[in-house]
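Asks: Mind looking at a prediction? Sequence and model below.
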Amino acid sequence: MAEREFDYVIVGSGSAGSTLAGRLGERADLRVCVLEAGGTDWNPLIHIPFGTGKLLRSKLHGWGYTTEPDPELGGRGTFWPRGRVVGGSSSINSMIYIRGHRLDYDTWAQLGNRGWSYSDVLPYFRRAEGHADRRDGFHGADGPLGVGRGAFSHPLYEAFLRAGGEAGHPPTDDFNGAEQDGVGTYDFTIRGGRRCSAAVAYLHPARKRGNLELITGAQATRVLFEGARAVGVEYARGGRREIVRARREVILAGGAINSPQLLMLSGIGDSDELGRHGIEVRRHLPGVGRNLQDHVDVMVRHLCPEAVTLHSMVRFDRAALSMLRAGLFGTGPAATFPAETGAFLRTRPELAAPDIQLVLLLGLGTTRVRWPLLTALRRDPLEREGFTCRVCVLRPESRGEIRLASADPLARVRIQANYLAAETDRATLVAGVRVVRDFLAQPAFDRFRGPETEPGPGIDSDSEIEAWVRTAATTIYHPVGTAKMGDDEMAVVDSALRVHGVEGLRVVDASIMPTLVAGNTNAPTIMIAEKAADMILDRPALAAEDPERPSAAA
């Protein structure tokens, strides 16, 4: 079995792995290896933003996970499209750039994680960010991650922004600025009309330096140890088992599913769980795979009497021209993602922060190119003129877990999401549906509002809405928390992201989040890796920052 040696071995080239590889690779005296189970990000659909819908449906660049049947969803499982490609989920996601609320990070610090308050992490968000437009104390202009405002003007976006004011919600110019609350336009990890994945931002530039090696098609099967120290990784590639050794550290960056799986396969986890699969226990850490959290949401759909939605935009001739324009010039509707407006709102006035997020989509579902005759034959109810408003529970109380199905490292894990297990989550979605209905009932939507198809006009009482929620709820693709940071008995890593009780092993990805942030998770995951790079290289943390909030009078 061939073996090679590096200073650092990173498992996973997703949002965290690519970021970390880029930062560690800045040290010319270090050799870094990145293992990626998927292939390269060759597909043009990855880089043209409008290709996201196709990527999310396809298993070509994804793991194709499905959760276990969920009791509160009527026994339904849920499709989880996690990226299995260079760049990971940052190569297939919707590119919405959201950091979360300052309360999220202050909560992490209050849980005992020193150095992770909002003022501590803001400098790392800024260091990562290369914003094309914003110039203030909350944003960075020179970082590798290209970020910009939504760039596509559309009458439904304009209606959404006006409806927010008509419904009494405040406007906000920046969901990542002084106040998250309100109605506004999203920022995106898009630069020059192209997706700026973590691989584009960090990994590909780092490979040009010559001290970083990327191995694709390499699925990690276990971490190797000498005594209590991690010294390498075994991986499967092309039907063979190979080994890479780490002189300094092994770093798991496989995300909320694959990182806990690899820990358990390597003998780190709940001893009873490992024993059931005949895996020798190296370290009893019962929190591995537990504390799974995800944003659950539902979609309120309306038909539209005007031909302004994606149904018209994706007719084969128009779609082809849009994709060609985006590919050649980085402009037009295909150079962005069709969900540029949204809101962060509170369903109850006494809440300390927003508890729901809204996203307006210009269609009724994940859109495919429309050939009129075939569309008529398919009789798909989503292939009509219409729009959707997604409403998401930002701070779910339900908790799930990741469990091994067997000791076979190539077997899929069992994902028990436990969506809507907490009554508060169900109540929040019911309240969120009412907020959306009020929003879409405003005069700004009179021109565009056709019949509501989901939940539908016959569903009105709280009990009726909750019953519909159980049939319609799904994921918005933000699993976190399965190797949580902390110092309690269920914590897996400490505040420096070192795995408790072993040496030379860290976890750097969304699985370390103790609690889910209020918003999309790509930007926070990149921030985690930026901060981890300083810890790993023993560099001083960036000085804490917290720009003064504007006064109420301002």
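Replies: Ah, there it is.
Asks: looking at this protein, which helix or strand does the model trust least?
Replies: Here the helix or strand of the chain ranked lowest by mean pLDDT, DSSP states H and E is helix 372-378, holding a mean of 54.
Asks: Measure how far the helix or strand just after that one is from the centre of its chain, please.
Replies: Heading C-terminal from helix 372-378, the first helix or strand you meet, by DSSP states H and E, is strand 386-393. Its chain's average C-alpha position is 17 Å from that of strand 386-393, according to Cα atoms, centre = their mean, to the nearest Å.
Asks: tell me the pLDDT at the residue nearest to Met485 when sequence neighbours are not counted?
Replies: Leaving aside its sequence neighbours, Met485 sits nearest to Ile512 (Cβ to Cβ, 6 or more residues apart in numbering; 4.6 Å). All C-beta spots, glycine's among them, are computed from the backbone N, C-alpha and C. Ile512 carries a pLDDT score of 98 in this model.
Asks: List the contacts of Ile512.
Replies: Residues near Ile512 by Cβ atoms under 8 Å, 6 or more residues apart in numbering: Ala483, Lys484, Met485, Val492, Val493, Leu497, Ile528.
Asks: Pull the number of nearby residues for the second one.
Replies: If I follow you right, that is Lys484. Neighbourhood size, Lys484 [other Cβ atoms under 10 Å]: 26.
Asks: Need phi/psi at the residue nearest to Met485.
Replies: The phi and psi values for Ile512, taken as degrees, to the nearest 10, are phi -80, psi -10.
Asks: Tell me the spacing between it and Asn258.
Replies: 14 Å (Cβ to Cβ, to the nearest Å).
Asks: in the sheet, who's paired with the residue nearest to Glu68 when sequence neighbours are not counted?
Replies: What sits nearest to Glu68 in space, not counting adjacent residues and going by Cβ to Cβ, 6+ apart, is Gln416, at 4.9 Å. Taking DSSP bridges as the rule, Gln416 bridges to Glu401.
Asks: quick one: low-confidence parts of the stretch 151-300 of the chain?
Replies: In the prediction, the stretch 151-300 of the chain carries no residues with pLDDT under 70.
Asks: Do you have the strands of it handy? List them.
Replies: Ranges of strands in the stretch 151-300 of the chain, per DSSP state E, counting those that start in this stretch, are 182-185, 187-188, 190-191, 194-195, 212-215, 219-226, 229-237, 240-252, 268-269, 283-284, 296-303.
Asks: taking the ones you listed together, which one is wrapped up most tightly?
Replies: Comparing those by mean neighbour count (mean count of other Cβ atoms under 10 Å), strand 268-269 comes out on top with a mean of 28.
Asks: Quick check: mean pLDDT of stretch 331-346?
Replies: Stretch 331-346 comes out at a mean pLDDT of 89.
Asks: What is the neighbour count of Ala472?
Replies: Close neighbours of Ala472, defined as other Cβ under 10 Å, add up to 18.
Asks: Please tell me how far it sits from Leu351.
Replies: 24 Å.
Asks: cool, and Val300?
Replies: To Leu351, Val300 is 21 Å away according to Cβ to Cβ.
Asks: Show the contacting residues for the closest residue to Arg325 other than its chain neighbours.
Replies: Spatial nearest neighbour of Arg325, excluding adjacent residues (Cβ to Cβ, 6+ apart): Gly332 at 4.2 Å. Gly332 is in contact with Gly193, Ser322, Arg325, Ala326, counting by Cβ under 8 Å, 6+ apart.
Asks: do Ala206 as well
Replies: Ala206 touches Ala21, Gly22, Gly25, Glu26, Val32, Leu212, counting by Cβ under 8 Å, 6+ apart.
Asks: State the distance from it to Thr19.
Replies: Remark: distance between Ala206 and Thr19 (Cβ to Cβ) = 10 Å.
Asks: before we move on, what about His204?
Replies: Counting by Cβ to Cβ - His204 and Thr19 are separated by 12 Å.
Asks: Repeat that for His131.
Replies: Distance from His131 to Thr19, by Cβ to Cβ: 17 Å.
Asks: who has more neighbours, these two?
Replies: Thr19 (33 against 23).
Asks: Noted, bye for now.
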